[in-house]
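1. starting from these lines, generate the structure:
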Amino acid sequence: MGEKSQHGHSKGRKPPANKSHRGQGGSGGKYRGKNGGGKGGRQQSGGSRGRAAPQNRPQLDLTAGSQLPKWIQEEVNRTTRKERRAAVMQSLEAAADAFAAARYGKAIEHAERAKQASSSNATIREILGLSLYRLGRWEDALKELRGFRRIAGETTHMPVEMDCLRALSRPDDVDKVWGELKHLGGRPDTFHEARVVYGSHLLDEGKAKQAWQVVNPKRLGEHPHEAELRQWYVAARVAAHLGDNDSAEQMLSAITAADPAFPGLDELEAAIGT
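-> Numbers count the residues shown, from 1 in each chain. Have a look, this model is predicted:
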């Protein structure tokens, strides 16, 4: 389940339900994943440090609610004592339904109940982490998503980890997780999302030229995925910041052609001065 990052405009505010914390969609603000950002103590970036991420685990679509695929049942069977399996599946299904309905507090409640019975189940930690993220509980979300990464060996939600670290004002750790993701590897959409977060982070840090190196799409292909549009949006913001309005306008036109309702287009036009 790829989770879109939320970060891009304002810092540190709790995002409303179904809204991005630092910008909508890919506006470079808070990131917010497609299934769906106080200061914390510093800690290592965690997860599967130093080993390649296999990316063999199927991606979970939480928009489907309780219609969980068969592989989830198999995962529960592998990670849960026999007498607890039925209850864990029931709690997982309830958590998935609540997440799909944007009832993230309820999703956390059900996922926590499932975690008590099966703490080494990756899907439980995934739903719990993403629900905490949606409610702006950055430290707790970071802990659970790192747990997911450690158990599943997946880098899918590392952009969300980076987004949590941005919200916690831990720029050095954002850099560390970006470097770790590049080392471990991941799916193309994961890197699109990571560029959205990391490019926005660099722009916030006054490093627009470095941000351009990260988010520059090189080419604007036809029929872009949602993650690509978010990267283009951040790239347009960076280009406008650097005074390259021709590139910014080209990306604005490409985004508008692909999705006229893409969030933040008015703000982007204002930044470019069109």
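2. check the gap between Arg134 and Gly264 for me.
-> As judged by C-beta to C-beta, to the nearest Å, Arg134 and Gly264 stand 19 Å apart. In this view, the C-beta of every residue, glycine as well, is placed from N, C-alpha and C.
3. then Tyr104?
-> 23 Å.
4. please parse the chain into its domains.
-> Domain assignment of the chain by automatic domain parsing yields the ranges 1-31+155-274, 58-152.
5. which of those domains is buried the deepest?
-> domain 1-31+155-274 (a mean of 21; mean count of other C-beta atoms under 10 Å).
6. centre of the chain to that domain, how far?
-> In terms of C-alpha atoms, centre = their mean, to the nearest Å, the centre of domain 1-31+155-274 is found 11 Å from the chain centre.
7. same question for it, mean pLDDT?
-> On average, the pLDDT along domain 1-31+155-274 is 84.
8. now do stretch 89-98
-> Throughout stretch 89-98, pLDDT has a mean value of 95.
9. who touches that stretch?
-> 62, 64-66, 68, 72-73, 76, 104, 106-111, 113-114, 117, 123-124, 127-128, 131 (C-beta atoms under 8 Å, 6 or more residues apart in numbering).
10. same for the helix or strand containing Gln73, what does it pack against?
-> Element membership for Gln73, per DSSP states H and E: helix 70-79. For helix 70-79, the packing partners by 3 or more C-beta pairs under 8 Å, 6 or more residues apart in numbering; DSSP states H and E come out as helix 85-100, helix 122-134.
11. may I have it exported as PDB, CA atoms only?
-> Taking C-alpha atoms only, helix 70-79 is exported to PDB below (Å, rounded to 0.1, in the frame of the first residue of the first chain):
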ATOM      1  CA  LYS A  70      -6.200 -14.100   0.900                       C
ATOM      2  CA  TRP A  71      -2.500 -13.300   1.500                       C
ATOM      3  CA  ILE A  72      -3.500 -11.300   4.600                       C
ATOM      4  CA  GLN A  73      -5.100 -14.400   6.100                       C
ATOM      5  CA  GLU A  74      -2.000 -16.400   5.200                       C
ATOM      6  CA  GLU A  75       0.200 -13.800   6.900                       C
ATOM      7  CA  VAL A  76      -2.000 -13.900  10.000                       C
ATOM      8  CA  ASN A  77      -1.700 -17.700  10.100                       C
ATOM      9  CA  ARG A  78       2.100 -17.400   9.900                       C
ATOM     10  CA  THR A  79       2.400 -14.800  12.600                       C
END
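12. quick check: phi and psi at the residue in the chain sticking out farthest from the centre.
-> Distance from the C-alpha centroid of the chain, by C-alpha atoms, centre = their mean, peaks at Glu83 (34.2 Å). For Glu83, the backbone dihedrals (degrees, to the nearest 10) come out as phi -70, psi -10.
13. give me the contact list for whichever helix or strand Met251 is part of.
-> For Met251, the element it lies in under DSSP H and E is helix 245-258. Residues from elsewhere that reach helix 245-258 (C-beta under 8 Å, 6+ apart): 217, 220, 223-224, 229, 232-233, 235-237, 239-240, 262, 265, 268-269, 271-274.
14. what does the next helix or strand after that helix contact?
-> The helix or strand immediately downstream of helix 245-258 is helix 265-272, counting by DSSP H and E. When contacts are defined by C-beta under 8 Å, 6+ apart, helix 265-272 is touched by residues 9, 27, 233, 236-237, 240-241, 245, 248-249, 252, 255-256.
15. save these as CSV, and put in distance to Arg166 too.
-> Below are those laid out as CSV (distance: C-beta to C-beta, whole Å):
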residue, distance to Arg166
His9, 12
Ser27, 14
Tyr233, 17
Ala236, 20
Arg237, 15
Ala240, 21
His241, 18
Asn245, 27
Ala248, 23
Glu249, 28
Leu252, 24
Ile255, 23
Thr256, 27
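16. ok, these vs Leu142, which is closest?
-> His9 (21.3 Å; C-beta to C-beta).
17. for Ser66, give me phi and psi.
-> phi -80, psi 0.
18. for it, give its distance to Phe148.
-> 20 Å.
19. next: Ala107.
-> Ala107 is 15 Å from Phe148, by C-beta to C-beta.
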